[in-house]
Every structure is written in structure tokens, then in C-alpha cells.
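Chemist: here are the coordinates; sequence isn't available:
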């Protein structure tokens, strides 16, 4: 049973249904691993073991009566700290919300529970979910299981680290700036950022917030592409208001054989240099896809990517401005006075976005609508577009100064960490679905992931491509020592 903890959630659920293992026995297996491995990772930062044991016993009793709650019956699960879970703190890593213990669940949590999961804990995030690292003053720093001196990514860093180390069966995160895709890439697991709006964000919010943020999406992380597909079906669908008259019917995958896919490839862009060690892994994946018989070519939508990235940063920082602390707003006012409103730096764009009038936001949103139409035209000829998820593999922890002041090493020189947000916003700003699948290890033994973008509402196409790719080149592999 040594490999039990690395099995996909769908396999764990099948074992439970076939009564090869009990729900409580499976939960205890994961709890034992958390006790053993979590202290050096700090991925799981809150647990309620007794509530989980009670639910696992109930799941066993239901199965004995012939009842199956859903496709994930009995699968132990943790979830990103930013989701409301009744009786748990939901802080988003911000000290002022340290005592924010919620009475109810997020809608996505309720849907996962209805599908049968045994929820036993929550995983770490950066403050306000605004970093590609996962550290905060409440819970401390989460480490990457492949190398504890490195980041697991963010903001769903605890989610990806827990999955990679075999501490949980399946996870759910959220993504406005690759916060699902980036940790999946850094930790070597699967992640999916759905089409904007198909998974309601109710309950994934700070106190008093009922509106879903622009660009942001809730979605699953897992150790297999099939897990992503199952979790997406569970989590997706209209909220109560829309559900009175609307129904979500995602199209089936465009193709079911890798050799039939029309695959566009974009491995570089002037906005964000890609490290050679990572680029080599991406090229190896592209070569394998071409060898399978798929139609593969370098191609991309007809967009000015420099302008597209600028629009993304402005819309992103406008979307997150509502939770900007007063002290930071004062700093942004000073920045605007010193740099001017048209300064092209990341700091300048953050400051401009924080105070953007609605009349300036409207033309940006119109630009986005035009870009969305160009992407739709592009996907008439292509099924998926493959590109990087970030600039490099996971990098060493760096908690000094502000995020926009930090740098990472790319091809032997230092570049701003925020440059790689281009790969986050490339599909994100236009609301497109994008999955990340493992793409193998670098020469230094660090995991990588390839980003798979598909057309609007073609989530199942992106995930199916990941599943077929998993069969072709292999998928998740455990980090050594776990």
C-alpha cells in the first residue's frame, strides 16, 4: 500500500466502491502521511480530523447500505484556504482576518461534498492570494516537496505541494494570475483554470464580498487529467440565481485521439523570456506530440502581445484593487505623482489600475472583447495552443521587499518575477480555459508543466489533450523521499 497516496482520486474512489479499502482506513492513511511529512512542507495549515473521521465513518456506513454519494465517495481531500469551510478560518493570509471563522461552505465545497469527498483540511496561500510563493505571517512558508528551498508556487501553492507529496487525494484552487497553473507547473501536478464564470465563486471570498472578481476562476488540481475532468463536472454549473433558467452543457472534447489534434505552439514571446532548461522540456513535449501524428505548427492569434499584456495587467490590478490595503493605496498615489499615469513599469500600472475611473476601464474591456473574437477565429483552425506556464521551473524562496521588486534567474541573468505574468494573462485576460500537465523534469531534477489553452467553453478539449498527453509521455511522478 506504499503507493496508495500517489494514486489519482478516481482510482481511490474505485477502490472504495469495490471495498478494497474503507473510507476511514483511507483517511487514516493520509492523516498519517500529513503527520510525517507536512512539518517540513507546511502545505496543510488547518485540519479538523474528528469531523473528517465522522464523515469517513458515515461514508463507510452508506457504502455498506449500497449507497454511493458520488464519483469521489470516500476520497480524502484538502482545499485552498481561501474557500469557506464551515468551522474553519478563511483569512487569505491577511492578519486582519485571522479570526474569520465561517459558518457555512463555499458553493464549490458543497458540490465536492455532495460528490462524496472527505474534507479534512485547508492548504496555505500568500497574503491576498497575490504571489507566486505561498507565505504569510499567520501560517508561515510552504515549501516545494521537490526542493524545500524553493517555492511551490502560488497562490494555490499549498494545494499543489500537498498533492505532489501525497498528503491529499484531490484539491481545488483559484486562478487570476496562474494561481492554479503556476503551482501545478512548479510541483509537477495537473491543474485547470476553467472558462471564466462556469464555476461559481460564491464563498471563495473575504467577508462581505458576494461578487466574483473579473478574470478570477475556481478550479481543480489533481494527480491525473481524469481527476480534473471529474472535478470540473462536479464544480461547474450555474449558481442559484442563474440556475433558475440556465444550464451548463460543456461541449465534448473536439478530438479523442492525440494524432487527430491540430496543435498550435508558442514557446516564446518578447514579454517574458523562458529559461532554456524549461524550454527544452517544452520542446520535447511538442516533439512527442508531433511524433504521435498530430498536426503541429508554430501559430498564435493575430494579436499585439505587448498591448495584450498591458491590458491584462491593468485589468488584473483593477480587479484586485478592492482589497488593496489603505497604506498600499497611499504608496500608489505617491507612485503616480513620481512616475506619471502612463509609466510602463509593473509598479506604474499597478498604481494606475488602483485608481482607474470606470470610463477608462470601459475601453480596456472593449479591447478585451476584440481580443476574444480574434482568439475565437484562431480556434477555428486549431484545437489547442501549447505554451509555457511560467518563465522557469521553481525558484528559491525570496520574501524580501515587494513582489514587483524581486527577480528570478532566467538563462543566467536576473529578470523581474512579474514579467512571467504574461503567460498567466495570455489566456486569462480573455477568459479562456487553460490546463497544465506535467512535462517532465529539468536537467536539475525539477518538475515542469506545459500550458494547454483551448477555445471558449472547450474545457473538456484542454483536459482531454492533457489525458492523451499523459498516456503518451507519462504524467505525475512523485518527488523523491515521500
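Modeler: That came through, no problem. Predicted model only: the values in this text are computed from it and were never measured. Numbering: from 1, shown residues only.

Chemist: below-threshold pLDDT in the stretch 251-400 of the chain: ranges please.
Modeler: Residues of the stretch 251-400 of the chain meeting the criterion pLDDT under 70: 341.

Chemist: where do the helices sit along the stretch 301-450 of the chain?
Modeler: For the stretch 301-450 of the chain, the helices defined by DSSP state H, counting those that start in this stretch occupy 305-319, 326-339, 346-354, 358-378, 421-428.

Chemist: point out the most buried one among those.
Modeler: helix 421-428 (a mean of 26; mean count of other Cβ atoms under 10 Å). For glycine as for every other residue, the C-beta is placed from the backbone atoms N, C-alpha and C.

Chemist: so what touches that one?
Modeler: 175-178, 181-182, 193, 215, 269, 271-272, 305, 308-309, 312-313, 316, 387-391, 433-434, 451, 453 (Cβ atoms under 8 Å, 6 or more residues apart in numbering).

Chemist: ok so, going back, what's the closest of the helices of the stretch 301-450 of the chain to residue 404?
Modeler: Closest of those to residue 404 is helix 346-354, at 4.8 Å (criterion: Cβ to Cβ).

Chemist: just checking, what packs against that closest one?
Modeler: helix 305-319, helix 326-339 (3 or more Cβ pairs under 8 Å, 6 or more residues apart in numbering; DSSP states H and E).

Chemist: that older thread, CSV please, covering the helices of the stretch 301-450 of the chain and showing distance to residue 14.
Modeler: Supplementary listing: these in CSV, determined by distance: least, Cβ to Cβ, whole Å:
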stretch, distance to residue 14
helix 305-319, 40
helix 326-339, 48
helix 346-354, 47
helix 358-378, 37
helix 421-428, 33
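
Chemist: thinking again about what came up before, quick one: which of the helices and strands packed on helix 346-354 is nearest residue 222?
Modeler: helix 305-319 (25.8 Å).

Chemist: strands of the stretch 201-350 of the chain, residue ranges please.
Modeler: Ranges of strands in the stretch 201-350 of the chain, per DSSP state E, counting those that start in this stretch, are 217-222, 262-265, 295-298.

Chemist: tell me how far the last one lies from the chain's centre.
Modeler: Once both centres are worked out by Cα atoms, centre = their mean, to the nearest Å, strand 295-298 turns out to sit 26 Å from its chain's centre.

Chemist: what lines up beside it in the sheet?
Modeler: Here strand 295-298 has these sheet partners by DSSP bridges: strand 262-265 (parallel).

Chemist: got it, and the longest one?
Modeler: The strands beside strand 217-222 in its sheet (DSSP bridges) come out as strand 171-175 (antiparallel), strand 190-193 (antiparallel).

Chemist: buried deepest among those, which one?
Modeler: strand 190-193 (a mean of 32).

Chemist: let me see the mean pLDDT of that strand.
Modeler: For strand 190-193, the mean pLDDT works out to 99.

Chemist: so what touches it?
Modeler: Residues contacting strand 190-193 (Cβ under 8 Å, 6+ apart): 156, 160, 173, 175, 178, 180-181, 183-185, 217, 219-225, 227-228, 232, 427-428, 433-438, 449, 459, 462-463, 466, 475-476.

Chemist: circling back: for the helices of the stretch 301-450 of the chain, which one sits closest to residue 294?
Modeler: helix 358-378 (17.1 Å).

Chemist: by contact count, what packs against the closest one?
Modeler: Using 3+ Cβ pairs under 8 Å, 6+ apart, helix 358-378 sits against helix 305-319.

Chemist: and the angle from the helix it packs on to helix 326-339?
Modeler: 140 degrees (axes from the mean of the first three to the mean of the last three Cα atoms, to 10 degrees).

Chemist: pretty sure residue 356 is touching residue 313, no?
Modeler: No. In this structure, residue 356 is not within contact of residue 313 by Cβ atoms under 8 Å, at 11.7 Å.

Chemist: thinking again about what came up before, just the buried ones among the contacts of strand 190-193, please.
Modeler: Neighbour-count burial within the contacts of strand 190-193 applies to 156, 160, 173, 175, 178, 180-181, 183-185, 217, 219-225, 227-228, 232, 427-428, 433-438, 449, 459, 462-463, 466, 475-476; the criterion is 16 or more other Cβ atoms under 10 Å.

Chemist: quick revisit: so which of the strands of the stretch 201-350 of the chain comes closest to residue 33?
Modeler: When the strands of the stretch 201-350 of the chain are ranked by proximity to residue 33 (Cβ to Cβ), strand 217-222 comes first, at 17.0 Å.

Chemist: next, count neighbours for residue 162.
Modeler: Neighbour count for residue 162, taken as other Cβ atoms under 10 Å: 35.

Chemist: and if you look at the one 3 residues further on?
Modeler: Neighbour count for residue 165, taken as other Cβ under 10 Å: 29.

Chemist: having no further points to raise, I will conclude here.
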